[in-house]
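Asks: kindly return the folded structure for what I paste below:
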Amino acid sequence: MDMTPQVEIPGYVADTWLIDTAHSTVSFQARMLGAFKNHGTFDDFEGTVVTAADPLDSSANVTIRTASVNTKNDRRDNDLRKAYLNVEKYPTITFASTGVRTDGDHFLVDGDLTILETTKRVTLNLRPTSFDADGKSPARFTAQTEISLGEFGVPRGPASVIGDKILITLEIQASRKN
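Replies: Numbers count the residues shown, from 1 in each chain. Here you go, the predicted structure:
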């Protein structure tokens, strides 16, 4: 069986990349009261992406500080920090990739996502959006996954206004480490 990636990545460069947090976004979207979507971000995060000679051997690690949750509503942010994320006890959310594979014309990145004290395997649908072989330009990636808060043990009472499914989107710009 031919395991050659079916995805073309123009200008692809194998290297170690540091996420440029000033030009990257970790965002989420949740249904509120079952009717409308609410958006938020985590504003304090860091991470590394290692692009290997064979893209399927690449890896990524990201750490998100839970206290940096930002929905542009102080009351809701405080509720999220205390009732849902328990930021004093669990100051970070982490993602560590465990493998990369192709699915048709895009990449899937499998990895371990840890929220609170629960680690679950998730799959990010990844799209490299730019590489420049000159070595001076940043690499850019977009990735998405959907998770269930219940599967991660995020407390949800009968009066919970936040839906169980959360769409997570990462818009990443990274610069070469060297």
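
Asks: give me the neighbour count for residue 57.
Replies: 12 (other CB atoms under 10 Å). Any C-beta I mention is one placed from the backbone N, CA and C, and that applies to glycine too.

Asks: and what of residue 101?
Replies: 12.

Asks: wait, doesn't it sit right on residue 56?
Replies: Yes: using CB atoms under 8 Å, residue 101 is in contact with residue 56, at 6.5 Å.

Asks: for the longest strand belonging to the chain, buried residues please.
Replies: Counting residues, the longest strand found in the chain (DSSP state E) is strand 162-176. Neighbour-count burial for strand 162-176 flags 162-163, 166, 168-170, 172-174 (criterion: 16 or more other CB atoms under 10 Å).

Asks: kindly report the same for stretch 150-157.
Replies: Here stretch 150-157 shows 152, 154 as buried, counting by 16+ other CB under 10 Å.

Asks: contacts for it?
Replies: Residues outside stretch 150-157 that contact it (CB atoms under 8 Å, 6 or more residues apart in numbering): 83-85, 113, 115-118, 120, 149, 162, 164.

Asks: go through those residues and name the one nearest residue 9.
Replies: Nearest to residue 9 among those, counting by CB to CB, is residue 113 at 24.5 Å.

Asks: bridging residues for that closest one?
Replies: For residue 113, the beta-bridge partners are residue 95, residue 120 (DSSP bridges).

Asks: quick check: it touching residue 149?
Replies: No: assessed by CB under 8 Å, residue 113 is found out of contact with residue 149, at 12.0 Å.

Asks: can you map out the helices along this structure?
Replies: 74-79 (DSSP state H).

Asks: where does the prediction get shaky in it?
Replies: 1-7, 33-35, 133-135, 156-161 (pLDDT under 70).

Asks: against which helices or strands is the longest strand of the chain packed?
Replies: In terms of contacts (3 or more CB pairs under 8 Å, 6 or more residues apart in numbering; DSSP states H and E), strand 162-176 is packed against strand 15-19, strand 25-32, strand 45-51, strand 139-148.

Asks: that's all I had, so thanks and see you.
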